[in-house]
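S.K.: Here is my input; please provide its structure:
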Amino acid sequence: MSAPAPTPEPICEVNQGVTRDYIRTVYARPEVTKKARDRIKYLIGCANEWERKPLRRSLKRVRQERNERIAAEKVTPYQCGGDRYAIPCYIVSCESSLTNARPNYATASGYYQFITSTWLSTGGGRYAPQAYLASKHEQDIIAARLWSGGSGAGHWDCA
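M.R.: Sure, this is the predicted structure:
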């Protein structure tokens with residue numbers, strides 16, 4: 001009985017190098033096909049040994065950025081000017097004028113004017129003691145949780 005034949009190394013075409021820009025361009029598309037992903041893996045495999053590690057890091061970074069962008073779009077479906085929000089724009093505009101407001105007399109703060117007790121009771125305390133000290137993305141997460149697809153609209157006076 002003979003040993004199985006070794007699998008041949010891929011034959012790489014001349015001048016088929018993959019670049020960081022190419023990876024970024026492919027993953028910027030709304031839907032990345034399996035064929036495109038396989039092509040990138042193939043081209044990275046064809047790269048010189050000293051080029052592979054940076055290209056793999058770039059691919060990992062681009063995938064992470066894309067996944068974060070998709071997750072942020074799910075949490076923030078409302079587009080207001082150049083920013084995205086977790087609740088309708090007219091409410092954010094009315095509540096805070098689309099700014100990360102400092103606490104007022106009622107302790108309401110941040111883009112969504114969370115009262116400190118509401119901020120803490122909905123899990124905001126894991127990010128910061130008050131809403132305005134948390135990042136916009138962290139405030140978006142808590143606002144989306146409180147908004148609950150519109151059923152939580154009563155939490156905002158402007159709704």
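
S.K.: What segments of the protein are helices?
M.R.: 20-28, 34-46, 49-75, 89-96, 116-121, 136-147 (DSSP state H).

S.K.: want to try a markdown table for the ones you listed, with distance to Gly82 as columns?
M.R.: No exception for glycine: its C-beta is placed from N, CA and C like everyone else's. Formatted as a markdown table, these follow (distance: least, Cβ to Cβ, whole Å):
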| stretch | distance to Gly82 |
| --- | --- |
| helix 20-28 | 18 |
| helix 34-46 | 29 |
| helix 49-75 | 14 |
| helix 89-96 | 12 |
| helix 116-121 | 25 |
| helix 136-147 | 12 |
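
S.K.: Out of those, which gets nearest to Cys158?
M.R.: Nearest to Cys158, of all the helices of the chain, is helix 89-96, at 3.4 Å by Cβ to Cβ.

S.K.: Give me the helices and strands touching the closest one, please.
M.R.: With contacts taken as 3 or more Cβ pairs under 8 Å, 6 or more residues apart in numbering; DSSP states H and E, helix 89-96 sits against strand 78-80.

S.K.: For the closest residue to Cys89 other than its chain neighbours, the count of nearby residues, please.
M.R.: Spatially, and ignoring its direct neighbours in sequence, Cys89 is nearest to Cys80 (3.8 Å; Cβ to Cβ, 6 or more residues apart in numbering). Neighbour count for Cys80, taken as other Cβ atoms under 10 Å: 14.

S.K.: separation between Cys80 and Arg39?
M.R.: As judged by Cβ to Cβ, to the nearest Å, Cys80 and Arg39 stand 38 Å apart.

S.K.: Lys88 touches Gln79, doesn't it?
M.R.: Check again: residue 88 is Pro, not Lys. No. Assessed by Cβ atoms under 8 Å, Pro88 is found out of contact with Gln79, at 10.5 Å.
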